[in-house]
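Peer 1: sequence first, then the predicted structure:
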Amino acid sequence: MKKDFDCVEMQDRAALRIHEKLKSMTRDEELAYWRQRGEEAQKKYPRMRVAETASLQSK
């Protein structure tokens, strides 16, 4: 049976894309990249932030 979607293959391609972007960056540039990506994710997925806060408060 042929798979229509291969999650591992998708993950590998995404990791390679990120590696290619980051390989020539300095440490500071890489940290700035991840900060920006984190901010973008918080804006795109605001409910994740709410769930994380609730999880921390329940501990």
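Peer 2: Cool, got the structure.

Peer 1: what's the neighbour count on the closest residue to Glu30 other than its chain neighbours?
Peer 2: Excluding the flanking residues, the one nearest Glu30 by CB to CB, 6 or more residues apart in numbering is Leu22, at 5.4 Å. Glycine gets a C-beta too; all of them are placed from N, C-alpha and C. Neighbour count for Leu22, taken as other CB atoms under 10 Å: 12.

Peer 1: what about the longest helix in this protein?
Peer 2: Using DSSP state H to define each element, the chain has its longest helix at helix 27-44.

Peer 1: and that helix, what other elements does it pack with?
Peer 2: helix 7-22, helix 46-57 (3 or more CB pairs under 8 Å, 6 or more residues apart in numbering; DSSP states H and E).

Peer 1: can you say which of these is nearest to Glu29?
Peer 2: Minimum separation from Glu29 across those (CB to CB) falls at helix 7-22, 8.3 Å.

Peer 1: okay, angle between that closest one and helix 27-44 too, please.
Peer 2: Using axes from the mean of the first three to the mean of the last three CA atoms, to 10 degrees, the inter-axis angle of helix 7-22 relative to helix 27-44 is 130 degrees.

Peer 1: now do helix 7-22: everything it contacts.
Peer 2: 30, 33 (CB atoms under 8 Å, 6 or more residues apart in numbering).

Peer 1: please renumber the chain so that the first residue is 45 from this point on.
Peer 2: All right, first residue 45 from here; so that's helix 51-66.

Peer 1: how far does it sit from its chain's centre?
Peer 2: Computed by CA atoms, centre = their mean, to the nearest Å, the chain-centroid distance of helix 51-66 equals 11 Å.

Peer 1: run a quick neighbour tally on Tyr77.
Peer 2: Residue crowding around Tyr77 was assessed by other CB under 10 Å; the count is 14.

Peer 1: isn't it right up against Met69?
Peer 2: Yes - look at Tyr77 against Met69 with CB atoms under 8 Å: they come within range, at 6.6 Å.

Peer 1: for stretch 73-80, give the mean pLDDT please.
Peer 2: Mean per-residue pLDDT for stretch 73-80: 98.

Peer 1: measure the residue nearest to Ala85 when sequence neighbours are not counted to Ser102 for me?
Peer 2: Of all residues not flanking Ala85 in the chain, Met92 sits nearest, at 7.4 Å (CB to CB, 6+ apart). Note on Met92: its distance to Ser102, by CB to CB, to the nearest Å, is 16 Å.
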